[in-house]
Every structure is written in C-alpha cells, then in structure tokens.
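Novice: Structure of the sequence below:
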Amino acid sequence: MTQDDRGTVNTATLTIADPSPETPESAQPRKTKRPYLYQVDLFRIITFACVVLDHVTSGSTVPDNVASNAVQTLLHFTRLAFFALTAFVLVYQSARKPFSARTFWRRRFMLIGIPYVVWSVFYWAYSIVLGNFQEPVLHALWRLVIDIATGEAWYQMYFLLVTMQVYLLFPLLLKLLRATEGHHRWVLAVSGALQLGFLYLAMHPPTFTGFAGQIWAHIYAVVFAYQFYVILGAVAAWHLAAVDRAVKRFGPLLVLGAVVAGVLSVWDFLRSTAHGLPPWQGSNVFMPHLIIFFTLIIAALYTLGTWGTANQQPGSLKARMLSYGSDRSFGVFLLHPFALQLIAPWIIPMGNAIGTLWCTVVVYVSVMAMSLFGAEVTRRVPGSIWLNGRPMVRTDFRALFGRRTAEESPAPEKTPAA
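Specialist: Numbering: from 1, shown residues only. This is a model prediction of the structure:
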C-alpha cells in the first residue's frame, strides 16, 4: 500500500438502551431508544484490525512486491467501510428524532476536530524530530498549517478530515433521505453512477493547474471521492429492518459473493501486473471494478457481525469485550503509524532473518500490542476527551481486589429519557 492508501475510523458511538420509563409526573408518551447494534462494534473492530494489517503489510515490504500489493488490493476496503459505517451510525442515531444541525455540529466537531488538530500537531512535531530539527522554523510552521488543511500530518490523518466533511454535510444528507422517501433506490443508482464517473477520472486524470490541480492532487481527502459509500451506509440505516431481513435470508450469498469478488479482484490484479502494470498501481483503491468487491465486503462484514452477535446479552463478557474493542479502536487507529515507525529500523533485518511473511506477522502483533497499550494510556489520562473524543476512564482499584459489598455498591443509574 502506498502512503496515501490509508485506513479509516468512525468516532460515532451507539449509546442505545432499553425503552425509557414514562415520567410519573407527566402524561408524556413513552420515549424509546433504538436497540444497541452489537454488530456495529464487531464491524468496527474487524475493520480496524484490517487497517493496521494494511499498513503493516505496506510497511514490511517493498512497493513493487506483487504478493504484498495483492493483499493490499483486498485490504483497501477499510476506508470505504468506515465511511459507510460513519453514515450508518449517524442516520441510525438521528433519523427518527428531532434534529438540530447546530447541536450536531457542535458535538461532533468537538469530539473529532480537537483530536484531529492535537494529533496533527503531534505527528508534525514527530516529523521534525525524524528530520533532526533541520527544517527552518517558518517553513515548519507553514507546513503545519498545510498539514492541518490537507490531512497530511501523517498518512492516516486525512481520514479524520473526510469524516469532518461527512459531519458538515450530514444535515443535507438527512434532508435528502427524507425528501426522497420511497425513492432511495434511485438515489443509490445516481450515486453509484457518479462514483463510477469519478473512478474513471481517477484512473484517467485530467490535466489541472493552479488551485484546481492542488485540489485534484488531494482528491483522496475530499468526501466526494467516497460519496457512494456514505450514501450506501445512510440508506442502509434508514431501511435497517429491510437490511436485516435481507441478511437473514441472503446472508450466506452475500458472504460468498464477497469471497468470489475478492478472488476475481486478485486475479485481475495479477493479470494486470503480468502485463506490465506496476504492482503499486494495480492495487490502487480507485480501480473502478473494485466497487463491486468493496460493496459486497461491506455487506458481508455486516452479515458476519450480525451472525457473531446474535442473541447478544447486555453485560455479558462478550458484550464487554466488544464494547472495549470498539472504544479503544480510535486510539489504535491514531497511534499505530507511530508504533510502526518505531519498529521500522528493525523490519529489514528481521525480514532477512526470518522471511517476509513471518516478519509481517511479528510486526503486526507488535504494532497492535503497542497501539493498544498506547490507546489504553491515552484513555486514562486527563485530557482524554481531546485525545480520543471520549471522557477519561477512571480505574476503580478496589474492584481489582474483590467485589464491593452491597452497601458500597452504587445504585443503578436510570436510562435518560432522551
């Protein structure tokens, strides 16, 4: 994978509980919250694991390695899956209740905008350290401004920039869904046609100069490049009951279709490289035919998540593990390039000693462990909300040495009405 083939992240969190009780003092109708979707947690965890694997595979091999690029051809689904997931979660949370764009923007941009700036500054400073402080001060400061504007502070940061564009446009997307109720299949059809048109231009780029040329050079950081997957996720959430019926009825076919599409995508990649196409170019995420595989793998992952969380009980060990993995995934996403860079000096010697495959496995396990440790630390320090978009986790050390007595145990909190 090249450095602009990055993974993705969704910081939207499903905090869904049981129906709220009626307020005794009023005659208000019963207010309910939609069920918690454990399959979304599993979807997010699997996709984040693949993001790390994508970058480790790229970082452990040379750019013209055919086997590595074949694997990356499949792993590039991650960015599209996360944009679909972002829209899915936002629509699931907002579609059936009053919506305020101002409130939505204020909350969302605080939860992701501040971490975006903080981590952009961190990676900008880290690049200065890697350059042995040779960069002139004014040049470095101007580069920071450009990095924040373009998402180039490090190779994964652009995803947060695109996510904020989704947030910015979400009120319009919600209005579009409501205005076209009953015609969403046509909305998807038009969106798919526009996506294919963009993919053709991406593989046959026009000649732009000046400001337009700069925009096109950073098109991977513009939401229009992924609009079909955003609309796909939004429409899926709007018609969730129909989606779940389709998964129940056609789930095995969706999974099989994703496997077949993946095999054919790799076959096409190998055929193209055999005819002289550079491997790094053959695995380009904007290859038009890959839209079929990406769409099917998104559906297959949701299907597998549904199967894997069927009859999930709140509070069970599995539910807590899913919640933990989903919560820490954002921190892992932000930190794993830093962990990979720390290991980088030992990758080539390790590959020469134990082979590329085993080197990739060792690096992957190491990067995941380091990133998870870092994510855990950043969730437990003051300022966690600015680093992860989530409040600081406070450790109850008494729980480490035994259960609380009944007198010590706090009363269970009631589910808020809204």
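
Novice: Output stretch 152-161 as PDB - backbone C-alpha positions only.
Specialist: Coordinates of the C-alpha atoms in stretch 152-161 are reproduced here as PDB (Å, rounded to 0.1, in the frame of the first residue of the first chain):
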ATOM      1  CA  GLU A 152      -1.200  15.200   5.600                       C
ATOM      2  CA  ALA A 153       0.400  15.500   9.000                       C
ATOM      3  CA  TRP A 154       0.700  11.700   8.800                       C
ATOM      4  CA  TYR A 155      -0.600   9.200   6.300                       C
ATOM      5  CA  GLN A 156      -3.800   8.200   8.300                       C
ATOM      6  CA  MET A 157      -4.900  11.700   9.300                       C
ATOM      7  CA  TYR A 158      -6.700  12.500   6.100                       C
ATOM      8  CA  PHE A 159      -9.500  10.100   7.200                       C
ATOM      9  CA  LEU A 160     -10.500  12.400  10.000                       C
ATOM     10  CA  LEU A 161     -10.600  15.300   7.600                       C
END
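
Novice: ok, residues contacting it?
Specialist: 3-4, 6-9, 51, 55, 79, 82, 112, 115-116, 119-121, 123-124, 126-127, 144, 146-147, 150-151, 218, 220-221, 333-334, 336-338 (CB atoms under 8 Å, 6 or more residues apart in numbering). All C-beta atoms are positioned from the backbone trio N, CA, C, and that covers glycine.

Novice: Just the buried ones among the residues you listed, please.
Specialist: 4, 6-9, 51, 55, 79, 82, 112, 115-116, 119-120, 123-124, 127, 144, 147, 150-151, 218, 220-221, 333-334, 336-338 (16 or more other CB atoms under 10 Å).

Novice: Give me the phi and psi angles of Glu181.
Specialist: Note on Glu181: its backbone torsions stand at phi -50, psi 130 [degrees, to the nearest 10].

Novice: Please report the distance of it from Val187.
Specialist: Distance, Glu181 to Val187, using CB to CB, to the nearest Å: 10 Å.

Novice: And these two? Which one has more around it.
Specialist: Val187 (16 against 8; other CB atoms under 10 Å).

Novice: which residues in the stretch 201-350 of the chain form strands?
Specialist: In the stretch 201-350 of the chain, no strands are defined using DSSP state E, counting those that start in this stretch.

Novice: helices and strands around whichever strand or helix holds Arg102, which ones?
Specialist: Arg102 belongs to helix 101-130 when assigned by DSSP states H and E. For helix 101-130, the elements it packs on are helix 137-150, helix 158-179, helix 317-343, helix 384-388, judged by 3 or more CB pairs under 8 Å, 6 or more residues apart in numbering; DSSP states H and E.

Novice: between those, which gets nearest to Val91?
Specialist: helix 158-179 (7.1 Å; CB to CB).

Novice: how distant is that closest one from the center of its chain?
Specialist: Averaging C-alpha positions (CA atoms, centre = their mean, to the nearest Å) puts helix 158-179 15 Å from its chain's average.

Novice: Confirm for me that Leu340 is in contact with Met368.
Specialist: No - judged on CB atoms under 8 Å, Leu340 makes no contact with Met368 at a distance of 10.3 Å.

Novice: what's next to the helix or strand of the chain with the lowest mean pLDDT, contact-wise?
Specialist: Every helix and strand of the chain was ranked by mean pLDDT, DSSP states H and E. The lowest is helix 210-217, at a mean of 84. Residues outside helix 210-217 that contact it (CB under 8 Å, 6+ apart): 205-206, 208, 222.

Novice: Likewise for stretch 249-268?
Specialist: So stretch 249-268 is contacted by 70, 73-74, 246-247, 289-290, 292-293, 296-297, 299-300, 303-304, 306-307 (CB under 8 Å, 6+ apart).

Novice: Leaving out sequence neighbours, find the closest residue to Ile385.
Specialist: Leaving out its chain neighbours, the residue that sits closest to Ile385 by CB to CB, 6 or more residues apart in numbering is Pro391, at 5.6 Å.

Novice: Now do the SS call for the one you found.
Specialist: Secondary structure for Pro391, judged by DSSP: H, G, I helix; E, B strand; the rest coil, is coil.

Novice: tally of neighbours for it?
Specialist: For Pro391, using other CB under 10 Å, the count is 9.

Novice: Tell me how far it lies from Ile219.
Specialist: Distance from Pro391 to Ile219, by CB to CB: 36 Å.

Novice: do you know how far Val363 is from Lys175?
Specialist: Computed as CB to CB, the Val363 to Lys175 distance reads 46 Å.

Novice: ugh, typo on my part, it should be Tyr226
Specialist: 20 Å.

Novice: Check Ser384 too.
Specialist: Taking CB to CB, one finds Ser384 at 34 Å from Lys175.

Novice: And those two? Which one has more around it.
Specialist: Using other CB under 10 Å, the more surrounded residue of Ser384 and Lys175 is Ser384, with 18 against 12.

Novice: how many other residues sit next to the closest residue to that one other than its chain neighbours?
Specialist: Closest residue to Ser384 in three dimensions, ignoring its sequence neighbours and counting by CB to CB, 6+ apart: Met392, at 4.0 Å. Neighbour count for Met392, taken as other CB under 10 Å: 14.

Novice: and what of Arg96?
Specialist: 11.

Novice: how close does the residue nearest to it when sequence neighbours are not counted get to His184?
Specialist: Nearest non-adjacent residue to Arg96, counting by CB to CB, 6+ apart: Arg34, 7.3 Å away. Separation of Arg34 from His184 (CB to CB) stands at 19 Å.

Novice: returning to what we had before: just the buried members of the contacts of stretch 249-268?
Specialist: Counted by 16+ other CB under 10 Å, the contacts of stretch 249-268 give 70, 73-74, 246-247, 290, 293, 296-297, 299-300, 303-304, 306 as buried.

Novice: Check these and tell me the two furthest apart.
Specialist: Ala70 and Ala246 (30.4 Å).

Novice: mind checking pLDDT for Phe397?
Specialist: You'll see Phe397 listed with a pLDDT of 50.
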